[in-house]
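Colleague: Model the structure of this input:
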Amino acid sequence: MSRNANGEGSIYAWKRDGKPAGYKGALSYKDENGDTKRYVCYGRTRKEVKDKLDKARERVEDGAPVKDSKQTVGEWLAYWDKTGLAASNRKESTKVLYGNLSRKHLQPAPFGAIRLDRLKPTDIDTLLLSLRQKDKPLSDSTVFNIYCVLRAGLDGAVRDGLIAKNIASKVDRPQVAKKDAQYIEAADLTKLLAAADGLRYRDVLVLIAGTGVRRGEAVALSWSKVNLDAGTMRVDATLSRVGKALLITEPKTDRSRRTVPLSPAMVALLRAQKARQAAERLRAGDQWVNEGLVFTTELGTKVDPRNILRTVELAAKKAGIDKVGVHTLRHSAATGWLDSGVHIKAVSDLLGHSSIAIT
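Modeller: Model prediction:
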């Protein structure tokens, strides 16, 4: 019999139907609540049983469960979606994304049918490989996000004492191929914005192209953050669609919170927008919803970021310019600053990048 700080074990021969059947091991230990538990294992040889008991002791001493749960990966992730993920401090948009990826790619069989105690790194490798070999292969970024969801979910299983180790941590993170940021030359940008004349959200495109703010930051901008006399605006919020709701949240990083200078042209654009909005408010009367935003619908409510994408796509098609998105305008602003001699650190600050490396 051997002993340790948290329990003792014993090994002895045992019989089945009166005949020798191998060896049986037993280990008494205290769980995290101080309750005494008993672990029993079997093996054909004394060494096999001893190894199982030694492994069990190590797990107990490390504060891990003596045995991993037989619950399936899918069952656990379905529970984690509603508990650990929902209670986390992640942004609502991230929670929705993680939940969707979990339900679509991780919870269903065959991967979701694997028991937690039988999950191996090769199972995860096989999953990631299959995602890239589908009839319509998933993008690198989507595969990466699916891996992140699985790893976070298994971290929750470790925390709840269902498994001793996170198997996903032994699998290399999927690589996301780096792509050069797309931008358009100044002449094409002028042509694009001219083609947007008459579209409701044309000025949102102009603001993005002139200041480099993100789409969500532009439609989350409030008048209280704009100082037209000083020629500045404070960027400290972003708007995104989460399910059926449009939510304004804080930016991901501290560097995303920034004060952006406004050129005389941008000040004039915002003054004109303020006047148009005042006229719309009068027309809307008691139907106007005052959220204090710079860019709104005809009734003062939040603008769906997808409408900004539709605006730039319509303008690009009319202008005959291919492969242009809202982010293209942001990149074009950055390229223009760099070409004109603005230091890359200053450009990084204006864009709200978390590091110069991204810029």
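Colleague: For the stretch 151-300 of the chain, which segments are assigned as strands?
Modeller: Using DSSP state E, counting those that start in this stretch, the strands assigned to the stretch 151-300 of the chain run over residues 226-227, 232-235, 238-242, 245-249, 258-261.
Colleague: partner strands of the first one, parallel or antiparallel?
Modeller: For strand 226-227, the pairing partners within the sheet under DSSP bridges are strand 232-235 (antiparallel).
Colleague: on that earlier part again, can I get the strands of the stretch 151-300 of the chain in TSV with distance to residue 127, mean pLDDT and mean neighbour count?
Modeller: C-beta here means a position set from N, CA and C on the backbone, and glycine is covered the same way. Output for the strands of the stretch 151-300 of the chain, formatted as TSV (distance: least, CB to CB, whole Å; pLDDT from 0 to 100; neighbours: other CB atoms under 10 Å):
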stretch	distance to residue 127	mean pLDDT	mean neighbour count
strand 226-227	48	96	17
strand 232-235	39	94	19
strand 238-242	27	89	19
strand 245-249	31	90	14
strand 258-261	39	92	16
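Colleague: So for residue 119, which of the ones you listed sits nearest?
Modeller: Residue 119 sits nearest to strand 238-242 of all the strands of the stretch 151-300 of the chain, at 30.6 Å, using CB to CB.
Colleague: what packs against that closest one?
Modeller: Judged by 3 or more CB pairs under 8 Å, 6 or more residues apart in numbering; DSSP states H and E, the packing partners of strand 238-242 are helix 92-101, helix 215-220, strand 245-249, helix 305-319.
Colleague: out of the ones you listed, deepest packed?
Modeller: Sort these by mean neighbour count, taking mean count of other CB atoms under 10 Å, and helix 215-220 sits at the top with a mean of 25.
Colleague: List the neighbours of that one that are in contact with it.
Modeller: With CB atoms under 8 Å, 6 or more residues apart in numbering as the test, helix 215-220 has contacts from 204, 207-208, 235, 237-240, 248, 251, 256, 293, 295, 302-303, 305, 308-309, 326-327, 352.
Colleague: shaky segments in this structure?
Modeller: Residues of the chain meeting the criterion pLDDT under 70: 1-8, 179-181, 338, 342, 346-347, 349-351, 353-359.
Colleague: What are the buried residues along the longest strand seen in it?
Modeller: Criterion DSSP state E: the longest strand present in the chain is strand 19-30. Residues 23-27, 29 are the ones in strand 19-30 that count as buried (16 or more other CB atoms under 10 Å).
Colleague: coming back round to it: which among the strands of the stretch 151-300 of the chain is found nearest to residue 287?
Modeller: Comparing the strands of the stretch 151-300 of the chain by CB to CB, strand 245-249 comes nearest, at 17.9 Å.
Colleague: Off-centre distance for whichever strand or helix holds residue 55?
Modeller: Using DSSP states H and E, residue 55 maps to helix 46-61. Relative to the centre of its chain, helix 46-61 is centred 39 Å away, using CA atoms, centre = their mean, to the nearest Å.
Colleague: now stretch 202-213
Modeller: Stretch 202-213 has its C-alpha centroid displaced from the chain centroid by 26 Å (CA atoms, centre = their mean).
Colleague: where do the helices sit along the stretch 1-150 of the chain?
Modeller: Per DSSP state H, counting those that start in this stretch, the stretch 1-150 of the chain carries helices over the ranges 46-61, 73-80, 86-87, 92-101, 121-132, 140-159.
Colleague: and residue 299, what is it in contact with?
Modeller: 284, 287-289.
Colleague: same thing with residue 157?
Modeller: Residues near residue 157 by CB under 8 Å, 6+ apart: 69, 76, 80, 116, 163, 166.
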